[in-house]
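Peer 1: model the structure of this input:
(one chain, ligands or ions: 1)
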Amino acid sequence: MRILISNDDGIYSPGLAALATVAMRFGEVVIVAPDVEQSSMSQAITSSRPISFRKTALPGFEAYRVNGTPSDCVALGAFNWGPIDLVLSGINLGENLGNAIWYSGTVAAAKQAALLNIRGLAFSMPAGEADKEPAYPLILPWLEKALVLLLAHPDIRLANVNIPTAAHGMQWTRQSCRQYDGKVVPATDPMGRKNFWYTVTPITGAEEGTDRWAVANNYVSITPLRLDLTDDRMLEEGQLRHPLHR
Ligand code: MN
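Peer 2: Got it, this is the predicted structure:
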């Protein structure tokens, strides 16, 4: 099995090295990742300028850094170093739960794989733990267990996995879709001009069975995702209430 590893935190992230180390037990690994951090880039692709890659010295790995987005990396990686059987993205330094799935570059790299008909799996861990060496021995055995589980279900083409540091089990979950928790905070720059920070306010009370609920209860959250955004219930309702004839 040929595995492409990418992320949105950039090629020098400790999370990426940790994921690549686990992936090596499952197949042949090639790393193609952004040259600088690309968090919150979602599914962006670079279409207004050409992109290029540089071979990068990551001990023990074949690795390339790209001056582009996570999605660019997966598309370029599949083109240049394919055929690729599996794309693993992460480990993101910060959880990707609920609404964050819409913004995440980590999840987008896995989605880009699915768009290319390659399996894509995204992995994230709590931001505060990501800089601490002792967190990895706690996280990585769960990452391997989740990977084994997902590989045993080949029908799952796209999934989002979040691993809390104090995990004591795994749960299949759905995406939490509580109202958007985004917030804009006005501020002033040193020249007295107005500027704005995008931030979030934590939403409390995660719905049971969701990704946020699982992680809050120290479970590894495994959410199968799909690319089809169609609201099937509303489609049916629209067709029933307002039939449109050809
Ligand atoms: Mn990130």
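
Peer 1: now the terminal residues of stretch 174-187, how far apart.
Peer 2: End-to-end distance for stretch 174-187, by CA to CA, to the nearest Å: 36 Å.

Peer 1: list the buried residues for that stretch?
Peer 2: 175-176 (16 or more other CB atoms under 10 Å). Just so you know, the C-beta spots here come from the backbone N, C-alpha and C atoms, and that holds for glycine as well.

Peer 1: how many neighbouring residues does the residue of the chain found nearest the ion have?
Peer 2: Nearest residue of the chain to the ion, counting by CB to the ion: S39, 3.4 Å away. Using other CB atoms under 10 Å, S39 has 19 neighbouring residues.

Peer 1: so it touches G90, yeah?
Peer 2: No. Counting by CB atoms under 8 Å, S39 does not reach G90; the two are 11.6 Å apart.

Peer 1: list the residues that contact both of the two?
Peer 2: With contacts defined as CB atoms under 8 Å, 6 or more residues apart in numbering, the residues adjacent to both S39 and G90 are T106.

Peer 1: dump the C-alpha coordinates for the top helix by length along the chain into CSV.
Peer 2: The residue-count maximum for a helix in the chain (DSSP state H) belongs to helix 135-151. The C-alpha trace of helix 135-151 is given here as CSV (Å, rounded to 0.1, in the frame of the first residue of the first chain):
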residue,chain,number,x,y,z
ALA,A,135,1.3,13.5,24.7
TYR,A,136,2.5,11.4,21.7
PRO,A,137,3.0,8.0,23.5
LEU,A,138,-0.7,8.5,24.7
ILE,A,139,-2.0,9.5,21.3
LEU,A,140,-0.2,7.2,18.9
PRO,A,141,-1.5,3.8,20.1
TRP,A,142,-5.0,5.2,19.6
LEU,A,143,-4.1,6.5,16.2
GLU,A,144,-2.9,3.1,15.2
LYS,A,145,-6.1,1.4,16.6
ALA,A,146,-8.3,3.9,14.7
LEU,A,147,-6.3,3.3,11.5
VAL,A,148,-6.6,-0.5,11.8
LEU,A,149,-10.4,-0.2,12.4
LEU,A,150,-10.9,2.1,9.4
LEU,A,151,-8.7,0.0,7.1
